[in-house]
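Q: Take this sequence and fold it.
(one chain, ligands or ions: 1)
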Amino acid sequence: MAYDFDLFVIGGGSAGVRCGRIAAGHGARVAVAEERFWGGTCVNVGCVPKKLLVQAAEYGAWADDSRGFGWDITRGGHDWTALIAAKDREIGRLTGVYRTLLEGAGATVFETRARFLDPHTIEVGNHRVTAERVVIAVGGHPVRPVIPGAEHGIVSDDAFYLERLPRHVAILGGGYIGVEFAGIFAGLGAQVDLVCRQPLLLRGFDEELREGLVEAMQEQGITLHLRCNIKDVEAKGDRRHALLSDGTRLETDLVLFAVGRQPNVAGLGLERAGVEINSFGAVCIDETWRTNQPHIFAIGDVTDRLNLTPVATAEGHSLADLLYGGPERHWNFAQVPTAVFSVPPIGTVGLTEAAAVERGTLDIYTTRFTPMRYTLAQRNRRALMKLVVDQASQRVLGVHMLGDDAPEIIQGMAVAMTAGATKADFDRTVGVHPTAAEEFVTMRTRTRVAGVARAAE
Ligand code: NDP
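A: Below is the predicted model:
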C-alpha cells in the first residue's frame, strides 16, 4: 500500500522534532503535527523559561554580595512584567527555530491536533493522512492533587504567565518543580512556604544532598513544611487559604501544585490504533521504543520513564537512525546526569549512596566548604561534593554536588562515569585552580566506609 508519509510524528516537542528532523535528513517522507507550541514543554513551559527565571532570581543576592567586593550596588525593585515579556520574546524566537529546523530538513508540518483513526490513518485538522510508521511523542502535563479546592491552585504551566509576582506563595511538592519554583519566587522577593510529604525534599536523590538542600533553602528564607500535605484550598477573593495536614493554615496569594506530571494520551485515539498503555497512562514500549503495534513507536515523556529533555532528544535521534539507517549510537541511559536548578543548584550522576550500598562495600568521599565568592560576600552558603566508590573495583558509581555551577560541573563528571572512571583516574587528573570543581580530583582521604555489615553477611 502507498502511504502519504513514511513517518508521521505526533507531537513537536524535544523528542518529536528531533526524530522528525533526523528521519527527514535520512530521506524519509516525514510529517510532524503539533497542536500547541513547537519545542513542547522544555522550550515553552519547562527547562528553558525555568532557567531564565532562575537566572533572574540570582541578581538580587548578587547585588547584596557585591558590597563585599567593594561595590555600592543597592538592590532595587524587580519588574516581573518586564521579565516575563523578555522571556516570552526569547521563547517566541526559539519555538520559531524549532519549526524552521523541521521545515529546513524537508518535513511537512501541521499546526493542529492529530489523532489516530486506525493503526495507519491519522486525522490531522481537517485532513486524513496515512503513514507507514507513526511515532507518539506527545509528552505530558502537570497534574493537580485530588483535594477539595484544587481548582484554586495553579500548575507550573500557569506559573510562567502570571500577571504579577505574588507576594506570598505556597507550593505543594518537593520534587524538581517545587524546589525550583521555590527558589525562583524567593529569589525575586516573595515569601515562600514549601509543603512536602517526605521528611526531605527530592526523594530519590542522595540523602546528604537532600539534607544540604534543606539547610540551603532555609538559609534562603524559604519556610519548609516537611512530612506535611495540603488538605484543602479555599479562595477568598484574591487570597488563597491552604489548610495543611498538621493543622497550619496558610493565607497566600498563590498556591502552586508541583506534584508530578502525566502522559498526554487523552483523545489521541490510541484504542483505535490498538496501542497499549499502562495504568498510569504511559504508552508501553520495548527497548527499541516499539509499542505493541510493530509500526507504532513512542518516545519522550509519554512513556514516563526518565522524563528529561536530553533523554527525549536522544531517543528521537536514535529511533530515526534505527528506522532509516543512520549510524548506530549507544547512549549511556544507565548513568543519566541530571540537575535541579535550586539555590544553590544540584548536579548528580550515577548511584546514590543508598542505592550503591545494595551492591557491596563503598568508599565514600565527601567535602563541604564555603566557595570563595561567599567568603568576601559573607554569605552563609556551603557547597557539598560527594563521590560514591565501589571498594572492590574502585569504580566511581556516583558523583553528587550541591553548589554553584553544579549542573555545569556534573556534565564532565558524567563523561568520566560513562568512560568507567575509577577513583585512581580522578586522583591522577590535575585540578583546575582555584575552582570548586577541583575538589572532585583532590578528595584524597576517605570520609567513611559504607555497607561493611551487608558485605560481611
Ligand atoms: P516530581 O515527581 O519530581 O515530584 C513530585 C513531588 O510531589 C514529590 O515531592 C511527591 O512526593 C509530591 N507529590 C506527588 N503526589 C502528591 C500528592 N498527591 N500530595 C502531595 N504531594 C505529592 O514531579 P515534578 O512535578 O516536580 O516534576 C515532574 C518531572 O518533570 C520530574 O520528575 C522531572 O522528570 C521533570 N523535570 C525535570 C527538571 C530538570 O531536569 N531540572 C525540572 C522540572 C521537571 P513523593 O516524593 O512522596 O512522591
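Q: Give the residue spans of the stretch 351-457 of the chain that score low on pLDDT.
A: 453-457 (pLDDT under 70).
Q: at 50 what do you get?
A: For the stretch 351-457 of the chain, applying pLDDT under 50 flags no range at all.
Q: For it, give the residue positioned nearest to the ligand.
A: Closest to the ligand within the stretch 351-457 of the chain is residue 407: 8.2 Å, counting by Cβ to the nearest ligand atom. Bear in mind the C-beta positions are built from the backbone N, C-alpha and C, glycine included.
Q: can you pull the contacts of that residue?
A: By Cβ atoms under 8 Å, 6 or more residues apart in numbering, the contact set of residue 407 is 339, 341, 345, 346, 347.
Q: Also residue 339?
A: Counting by Cβ under 8 Å, 6+ apart, residue 339 has contacts 345, 346, 347, 348, 406, 407, 410.
Q: can you do 7 Å?
A: Going by Cβ atoms under 7 Å, 6 or more residues apart in numbering, residue 339 touches 345, 346, 347, 406, 407, 410.
Q: show me what contacts the residue nearest to the last one when sequence neighbours are not counted?
A: Right, the one you point to is residue 410. Nearest residue to residue 410, sequence neighbours excluded (Cβ to Cβ, 6 or more residues apart in numbering): residue 347, at 2.9 Å. Residues near residue 347 by Cβ under 7 Å, 6+ apart: 337, 339, 401, 406, 407, 409, 410.
Q: Most neighbours out of these, which is it?
A: With neighbours taken as other Cβ atoms under 10 Å, the top of those is residue 401, carrying 31 neighbours.
Q: who touches it in this structure?
A: By Cβ under 7 Å, 6+ apart, the contact list for residue 401 reads 346, 347, 384, 385, 409, 410.
Q: want to throw those into CSV with distance to residue 240?
A: Below are the contacts of residue 401 laid out as CSV (distance: Cβ to Cβ, whole Å):
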residue, distance to residue 240
346, 29
347, 34
384, 35
385, 39
409, 38
410, 36
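Q: among those, which are in strands?
A: Judged by DSSP state E, the contacts of residue 401 include 346, 347, 384, 385 as members of strands.
Q: residues touching residue 411, list them.
A: residue 337.
Q: got the residues of this protein near the ligand?
A: Residues of the chain lying close to the ligand (Cβ under 6 Å from any ligand atom) are 142, 145, 172-178, 180, 196-198, 203, 229, 258-261, 307-308, 338-341.
Q: ok, the residue in the chain that the ligand sits nearest to - how many residues close by?
A: Ranked by Cβ to the nearest ligand atom, the top residue of the chain for proximity to the ligand is residue 175, at 1.9 Å. Counted with other Cβ under 10 Å, residues neighbouring residue 175 total 19.
Q: picking up where we left off before, now pLDDT too, for the contacts of residue 407, in a markdown table please.
A: Below are the contacts of residue 407 laid out as a markdown table (pLDDT from 0 to 100):
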| residue | pLDDT |
| --- | --- |
| 339 | 98 |
| 341 | 98 |
| 345 | 98 |
| 346 | 98 |
| 347 | 98 |
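Q: Of these, which is the nearest to residue 51?
A: residue 341 (6.1 Å; Cβ to Cβ).
Q: count of residues packed around that closest one?
A: Applying other Cβ under 10 Å, we find 22 other residues in the vicinity of residue 341.
Q: what pairs with the residue nearest to residue 410 across the strands?
A: Beta-bridge pairing for residue 347 (DSSP bridges): residue 339, residue 401.
Q: 54 is where my numbering starts, stick with that
A: OK, 54 is where the count begins now, so the last one is residue 400.
Q: measure it to residue 239 for me?
A: Distance, residue 400 to residue 239, by Cβ to Cβ, to the nearest Å: 21 Å.
Q: Then residue 251?
A: To residue 239, residue 251 is 20 Å away according to Cβ to Cβ.
Q: now residue 161
A: Counting by Cβ to Cβ, the gap from residue 161 to residue 239 is 45 Å.
Q: Contacts for stretch 318-338, please.
A: The contact list for stretch 318-338 (Cβ under 7 Å, 6+ apart) reads 168-172, 189, 191, 315-316, 344-346, 349, 351, 355-357.
Q: just the buried members of the residues you listed?
A: 168-169, 172, 189, 191, 315-316, 344, 346, 349, 351, 355-357 (16 or more other Cβ atoms under 10 Å).
Q: In strands, which of these fall?
A: The members of those that map onto strands under DSSP E are 168, 169, 189, 315, 316, 349, 351.
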